[in-house]
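Q: Test case, fold it:
(4 chains)
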Number of protein chains: 2
Amino acid sequence: MLDLNELEQLVAFSETGTLSMAAEKLHISQPTITRTMQRLEECFGVSLFSRGKNKIALNETGTKAVEEAKRLLSAAEDSLKNVREFDKSLRTITVSSCAPAPLWFLLPSLSSAYPGMTIASSLKSVSDIMEELAQGACQLAVLPDDSASDRYVSIPFLEENLSVCVPASHELAGKTSVTFSDLNGFNFLLRSEIGFWDEMCRIQMPSSKFLVQTDEFEFQELIRESSLPCFTTNLAKDDALLASRVQIPVTDQQANVTYHLLCRPEHKINTAAVLGSRR
Amino acid sequence: MLDLNELEQLVAFSETGTLSMAAEKLHISQPTITRTMQRLEECFGVSLFSRGKNKIALNETGTKAVEEAKRLLSAAEDSLKNVREFDKSLRTITVSSCAPAPLWFLLPSLSSAYPGMTIASSLKSVSDIMEELAQGACQLAVLPDDSASDRYVSIPFLEENLSVCVPASHELAGKTSVTFSDLNGFNFLLRSEIGFWDEMCRIQMPSSKFLVQTDEFEFQELIRESSLPCFTTNLAKDDALLASRVQIPVTDQQANVTYHLLCRPEHKINTAAVLGSRR
DNA sequence: TGATCTTACGTTTAGCGTAACAATA
DNA sequence: TATTGTTACGCTAAACGTAAGATCA
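A: Numbering: from 1, shown residues only, chains lettered A, B, ... in the order given. Prediction:
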């Protein structure tokens, strides 16, 4: 039977050109390689090398054998990886969300409902999340609607309502509610990592420009120092810093979403535990 | 690194269900399997079994590992086979011919022109031969024309001229030449293994019926005992037995073929040696 | 002379089988 | 009690490294 270690030596030889260099590369003695090459020829049952008195080189069949060896070695690597990843996936709940806020409530309750499981979460676009659900690449999805409830178990989870925040001196400050069309054309401060809200803003307010801030501190500075409008929601964590501003609800349907938890029917999440976590 | 022997033991365990039976199946001691399974878990770095005090079974990850093991083992088998077949192909000239007669002259001269090479020959349909040439599945082809000489090296090799053989009492016996349309409607004795001639007869003489004889002896008997016409050519080996019959040349273009040797340009056959063999 | 491959030789050790042990049905 | 899996122990054989030999540039 073929031995992957021996095949590795064959590949090393093909890459270095001499038995000595192959031995050095693999940190073994050179005679070992000599013997291994002889064993390989015996195992394959064919001649793999053309030999001179003190030189050896792959012949045509040997070159073919190297190809096969590389195939096998990489297949073996893949197998190792596959099994390890599979094992890991058995101990991991992968959550993909379209927005960050639902994760703030979902992740802690998942952790306590499934102790010992690793919870892996990430923000993704709605279409990427649908893909992941279909491929089983995530076990739990957070989407801003339940349009996929025909194929998956779907649970209404949280509502998030968008408001725009402007200084009291801003021309919009007097309004008690606004729509995206009212806001279209203004330029906004925006945080990065806000999931689908980013794309939605650009679609709903195509004439606006968005100054995306990656750093939270700089974002707060800009809110304080500029009169640029920004956004908040009912789920936002740090309303205190917006106290100096006026919050005006955005009334469009798209600005008021109900997040839904989705998973494949066979996975059956602990609904009670997860829903109990909503504030 | 993974060891294919160890993986084989894993597969054996998965197929037998107990370590003891796996050991028996592989003709090794049972403790060896115990140790191998432990080593495998160590190598994969994950738990593959659920163990009781005196029972062991594959867990979910173990089942996955078995799948991977089977993949790898069959890949290794394939690699062995591929290399061996490749090596063999280097020492084999595969000849595909549309008719048997050219092979009678070609094979002996190939053998002496390429001593040490195995000559593998077979009769194939013209379309199959074209396919083989394209895929490199044969190194040398014998075709009844040179219509593919644009893509391959093509050498005119032999001419074969068809004659019909009838008893002196037959109604055709007086003719000095015939065409397929003269012959169409008569029933004929035909040998099997005559390559493209078989199909050509059926196309050129659609109203005729052909009594195909597999056995040479029976064929000769029928020639002697019946008045059914049969065919011969200038290349036929055993004209003696047809001495009692009249041979009338078939004048159609399709009945007088020039065989061509074809090979891929990179192969370069020993033209002189092969052509010198023509009688 | 230095580099290379092969062969020889002595040693190590990895892996095997036997045997003993523990647990179950 | 018979069967199964694990552990312990001693041995063997396979594989390794060192050293020596042979060949070539």
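Q: And the residue of the stretch 151-279 of chain A closest to DNA strand D?
A: Nearest to DNA strand D, among the residues of the stretch 151-279 of chain A, is A:Glu266, at 30.0 Å (C-beta to the nearest atom of the strand). Glycine gets a C-beta too; all of them are placed from N, C-alpha and C.
Q: Count the residues that sit near that residue.
A: 7 (other C-beta atoms under 10 Å in any protein chain shown).
Q: dump the residue contacts of it.
A: By C-beta atoms under 8 Å, 6 or more residues apart in numbering or on different chains, no residues touch A:Glu266.
Q: again with A:Gly45
A: Taking C-beta under 8 Å, 6+ apart, one finds B:Arg84 in contact with A:Gly45.
Q: where does it fall, phi/psi-wise?
A: When read as degrees, to the nearest 10, the backbone of A:Gly45 gives phi 80, psi 10.
Q: residue boundaries of the helices in the stretch 51-200 of chain A?
A: Assigned by DSSP state H, counting those that start in this stretch, the helices in the stretch 51-200 of chain A fall at A:60-90, A:100-113, A:126-135, A:180-183, A:196-204.
Q: With mean neighbour count added, can I get the ones you listed in CSV?
A: Compiled in CSV, the helices of the stretch 51-200 of chain A are given as follows (neighbours: other C-beta atoms under 10 Å in any protein chain shown):
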stretch, mean neighbour count
helix A:60-90, 18
helix A:100-113, 17
helix A:126-135, 16
helix A:180-183, 18
helix A:196-204, 17
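Q: among these, which is nearest B:Phe196?
A: Checking those against B:Phe196 by C-beta to C-beta gives helix A:60-90 as the closest, at 34.3 Å.
Q: Pull the contacting residues for the residue nearest to the spatial centre of chain A.
A: Nearest residue to the geometric centre of chain A (C-alpha atoms, centre = their mean): A:Ser122, 5.5 Å. By C-beta under 8 Å, 6+ apart, the contact list for A:Ser122 reads A:Val95, A:Ser96, A:Ser97.
Q: tell me which residues form a beta bridge with the first one?
A: Under the criterion DSSP bridges, A:Val95 forms beta bridges with A:Ser121, A:Leu140.
Q: For chain A, which residues are neighbours of DNA strand D?
A: For chain A, the residues in contact with DNA strand D (C-beta under 7 Å from any atom of the strand) are A:5, A:28-32, A:35-36, A:39, A:52-55.
Q: In ChimeraX, select just the buried ones from these.
A: Listed next is the ChimeraX selection for buried residues among those, using 16 or more other C-beta atoms under 10 Å in any protein chain shown:
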select /A:36
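Q: For the residues of chain A next to DNA strand D, work out which two are farthest apart.
A: With C-beta to C-beta as the measure, no two of the residues of chain A next to DNA strand D lie farther apart than A:Asn5 and A:Lys53, at 28.0 Å.
Q: Work out the gap between the helix or strand A:Leu222 falls within and the centre of the chain.
A: A:Leu222 belongs to helix A:216-225 when elements are defined using DSSP states H and E. Relative to the chain's own centre, helix A:216-225 is displaced by 28 Å; criterion: C-alpha atoms, centre = their mean, to the nearest Å.
Q: Mind giving me the packing neighbours of it?
A: When contacts are defined as 3 or more C-beta pairs under 8 Å, 6 or more residues apart in numbering or on different chains; DSSP states H and E, helix A:216-225 sits against strand A:188-191, strand A:210-213.
Q: Show me which residues of it are buried.
A: Buried residues in helix A:216-225, counted by 16+ other C-beta under 10 Å: A:Phe219, A:Ile223.
Q: Would you mind pulling the contact partners of that helix?
A: Helix A:216-225 is contacted from outside by A:Cys165, A:Leu189, A:Arg191, A:Leu211, A:Gln213, A:Leu228, A:Cys230, A:Leu241, A:Leu242, A:Ser244, A:Arg245, using C-beta under 8 Å, 6+ apart.
Q: Which strand residues bridge the first one?
A: Per DSSP bridges, residues listed as beta-bridge partners of A:Cys165: A:Cys230, A:Gln247.
Q: For it, give me its contacts.
A: With C-beta under 8 Å, 6+ apart, A:Cys165 has these contacts: A:Ile223, A:Pro229, A:Cys230, A:Phe231, A:Thr232, A:Leu242, A:Arg245, A:Val246, A:Gln247, A:Ile248.
Q: so A:Met117 makes contact with A:Thr94?
A: No. When contacts are counted by C-beta atoms under 8 Å, A:Met117 is not listed as touching A:Thr94 (10.4 Å).
Q: And the two? Which one has more around it.
A: Each of A:Met117 and A:Thr94 has its neighbours counted (other C-beta under 10 Å); A:Thr94 has more, 17 against 14.
Q: now that one: how far from B:Ser74?
A: Using C-beta to C-beta, to the nearest Å, A:Thr94 is found at 31 Å from B:Ser74.
Q: How about A:Phe188?
A: 59 Å.
Q: Could you chop chain A up by domain?
A: Chain A breaks down by automatic domain parsing into domains covering A:4-88, A:90-153+A:266-276, A:158-257.
Q: got those domains as JSON lines, with mean pLDDT columns?
A: Output for the domains of chain A, formatted as JSON lines (pLDDT from 0 to 100):
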{"stretch": "domain A:4-88", "mean pLDDT": "95"}
{"stretch": "domain A:90-153+A:266-276", "mean pLDDT": "90"}
{"stretch": "domain A:158-257", "mean pLDDT": "92"}
